[in-house]
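> predicted model follows, preceded by the sequence.
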Amino acid sequence: PTDAIVRVDATTVCGTDLHILRGELPEVKPGTVLGHEAVGEVMDVGREVHSMGPGDQVIVSSVTACGHCQFCRDSMFGQCRGGGGWILGDLINGTQAEFVRVPFADYSTRRTPGTLALDDAVLFSEVLPTAYEVGVRNGHVSPGDTVVVVGAGPIGLAAIITARIYSPRRIIAVDLSSSRLEAA
C-alpha cells in the first residue's frame, strides 16, 4: 500500500553494482536485478501513497526510507530501521529494469523539477547527495579551506562540484588516472 511502480526513464550503474558483479557482496542473491539510482514516471501507487500519482516524474532515491523510525525522523535515512536502507538492487529487484517497485514511495522519491533533464536528474538519485553528505558536509568544508578529494571517479567529481558551494580556497584532486584528473 505504500509503494509505487515507476517506469525507469534514466538510470546509472553504481560502483556497488560492479562490486556485486565481481562477487564482492555475496549477500546479494544471484539473479537480483541490480541498480538503485533512477528517474522515471510513476505508473501506479498504493492506497497509502499521497505525495505523487500516475504521470508524475520522480527521482528514485538510492536509499529507501520508511519515514517513521527515529533515524528517518532525524533525516538519517541510510540508517532506517523501519524496512528501508539500501534495498533496491540488494534485498529486492532494482532500477536496471523497465519498471521498478519503490517501497515507501512518499519518502523514497522526489518529484523531478520540470526543467531538469533526465541525465541531470538521475545524478540527484545518489551521486550528488552521496558526495555532498558524505564528503562535503561530513568533511565540514568551509570558506577558505583546502579540500583534498582522493579519487576522481563519479563521486569524487561530484564532491569537487559540491565543495565549491562553500568557497574553499583550493580543491586538490588525487587519482592515478590522468583522464580522471583532467576531468577534475
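Looks like it arrived, so ask away.

> only C-alpha atoms for contact and neighbour calcs from this point on.
Noted.

> for this protein, what spans make up the helices?
Remark: helices assigned in the chain by DSSP state H are 15-21, 70-73, 105-108, 118-121, 127-130, 154-163, 178-183.

> so what's the residue lying closest to Leu118 once chain neighbours are set aside up against?
Among residues not flanking Leu118 along the chain, Ala10 sits closest, at 6.2 Å (CA to CA, 6 or more residues apart in numbering). Residues near Ala10 by CA atoms under 8 Å, 6 or more residues apart in numbering: Ala38, Val39, Gly40, Leu118, Asp119, Val122.

> now, which of those residues sits nearest Ala184?
Relative to Ala184, the closest of those is Asp119; by CA to CA it sits at 19.3 Å.

> in a markdown table, list the helices of the chain along with mean pLDDT.
A markdown table is the format used below for these (pLDDT from 0 to 100):
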| stretch | mean pLDDT |
| --- | --- |
| helix 15-21 | 92 |
| helix 70-73 | 93 |
| helix 105-108 | 96 |
| helix 118-121 | 92 |
| helix 127-130 | 90 |
| helix 154-163 | 95 |
| helix 178-183 | 96 |
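
> tell me which of those helices is the most buried.
Highest mean neighbour count of these: helix 105-108, a mean of 24 (counted as mean count of other CA atoms under 10 Å).

> show me what it is packed against.
For helix 105-108, not one helix or strand is in contact under the criterion 3 or more CA pairs under 8 Å, 6 or more residues apart in numbering; DSSP states H and E.

> give me that answer again for 10 Å
Helices and strands touching helix 105-108, by 3 or more CA pairs under 10 Å, 6 or more residues apart in numbering; DSSP states H and E, are strand 4-11, strand 38-45, strand 57-60.

> related to what we said a few turns ago, tell me the bridge partners for the residue nearest to Leu118.
With DSSP bridges as the criterion, Ala10 is bridged to Val39.

> start the count at 255 instead of 1 going forward.
Got it, first residue is 255 now, which makes that one Ala264.

> how close does it sit to Lys283?
Ala264 sits 24 Å away from Lys283 when distances are taken as CA to CA, to the nearest Å.

> just Glu291 next, same as before
Computed as CA to CA, the Glu291 to Lys283 distance reads 19 Å.

> okay, the two: which has more neighbours?
Legend: neighbour count by other CA atoms under 10 Å for Glu291 and Lys283, higher for Glu291 (27 against 13).

> the closest residue to Arg301 other than its chain neighbours - how many residues pack around it?
The shortest distance from Arg301 to any non-neighbouring residue, by CA to CA, 6+ apart, is to Pro255 (5.1 Å). If you count neighbours by other CA under 10 Å, Pro255 ends up with 11.

> for Pro255, what are its contacts?
Residues near Pro255 by CA atoms under 10 Å, 6 or more residues apart in numbering: Val299, Gly300, Arg301, Glu302, Val303, Pro357, Phe358, Ala359.
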